[in-house]
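[1] what's the 3D shape of this:
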Amino acid sequence: MRYLRTTVALLALLLGLAACSGADDSGEAGTDADGGAEIAQADMAASEDDDGEAAREVVVTGSLTLVAEDARYAMDEIVRVVGELGGRVQERSEHASGEGDDVEGWLTVRVPAAEVTTALDRFEGLGETTDVSITSEDVTRQGRDLDARIAALQTSTERLLGLMEEAGSSEQLLAAEEALSQRQSELEALQAERAYLSEQIAMSTLHISVSSEETVQLEAGGFLGGLEDGWSALVTFAGGLLVALGAALPWLLVVGVPLAVVVGLLRRRRRRTVPTEAAAA
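    Below you'll find the model as predicted:
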């Protein structure tokens, strides 16, 4: 029975809401509590964007590789530049890339969309930028759709609040409260989605990989340094020679020894043959 009373109350609420909408002098006839007409009208307006009057909403993301003489210093400078442009560092990581203090690192930074070009120009002064990639996604229709749905739910919520004040029974009040709770939950979810989208539009995301330059360093070691280098080269050569000799020794034993025996026998036979021919002559 309680569910039946609740259903009847909801039907009465919707009929009353339709009657209020029909009596509205502001020209909102035909709009139901869900705000379907407002959403439809907003969608039609969103589709009529070819005149270029409304500003486009675009999400910009980019990535680049920076090769610098001092990677850690370059990353510190990137952080400073991003802060000066009104942005922030979302992620930073670094690790040693070899001997000494050389490091490699990655940064994910957020900068105002209007400052992306300025940021890239400033980064170029820190080293050599390669693999630069910038992408943009037009989210104008998505933003307008969210705005329309938010406006419709706000209107529906306001009307439900008015009906709650005019509720003539506890069943109508309960039904209005349940409908209001659902509308408010949907409204908060859409508002959060819209806030996130707006933040993505306002602040562009840049992924930056930073590494050190590969430079050849010549150390002057004088006579002792040259002697050490020469000895190292000799040891390396001798080691290679011994490895080659070790690899060839089994072949010498297996092939070389029988071959030497055969050659020796042929030479002895030849020596015997030569005197015999001389005596016959």
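[2] quick check: residue 132 touching residue 120?
    Yes. Between residue 132 and residue 120 there is a contact under C-beta atoms under 8 Å: 7.1 Å. (Glycine included, C-beta is placed from N, CA and C.)
[3] what comes up buried for the helix ranked longest in the chain?
    Taking DSSP state H as the criterion, the chain has its longest helix at helix 170-202. Residues of helix 170-202 classed as buried: 171-176, 179-180, 183, 186-187, 190, 194, 197, 200-201 (neighbour count, 16 or more other C-beta atoms under 10 Å).
[4] which helices and strands does that helix pack with?
    helix 2-22, strand 58-68, helix 140-165 (3 or more C-beta pairs under 8 Å, 6 or more residues apart in numbering; DSSP states H and E).
[5] is it true that residue 111 lies in a strand?
    Yes. Assessed by DSSP: H, G, I helix; E, B strand; the rest coil, residue 111 belongs to a strand.
[6] and the gap between it and residue 206?
    Per C-beta to C-beta, to the nearest Å, residue 111 is found 6 Å from residue 206.
[7] quick check: which ranges of the stretch 151-281 of the chain have low pLDDT?
    214-226, 228, 231, 251-252, 255-256, 271-281 (pLDDT under 70).
[8] over to residue 95. Which of the three states is it?
    Residue 95 - assigned by three-state DSSP - is strand.
[9] thought it was touching residue 104?
    Yes. Between residue 95 and residue 104 a contact is recorded at 6.2 Å, counting by C-beta under 8 Å.
[10] more neighbours: those two, which one.
    residue 104 (17 against 8; other C-beta atoms under 10 Å).
[11] and the strand or helix carrying the more buried one, average pLDDT?
    Counting by DSSP states H and E, the element that carries residue 104 is strand 103-112. What strand 103-112 shows for mean pLDDT is 93.
[12] which helices and strands does it pack with?
    Strand 103-112 packs on helix 71-84, strand 88-96, strand 203-212, going by 3+ C-beta pairs under 8 Å, 6+ apart.
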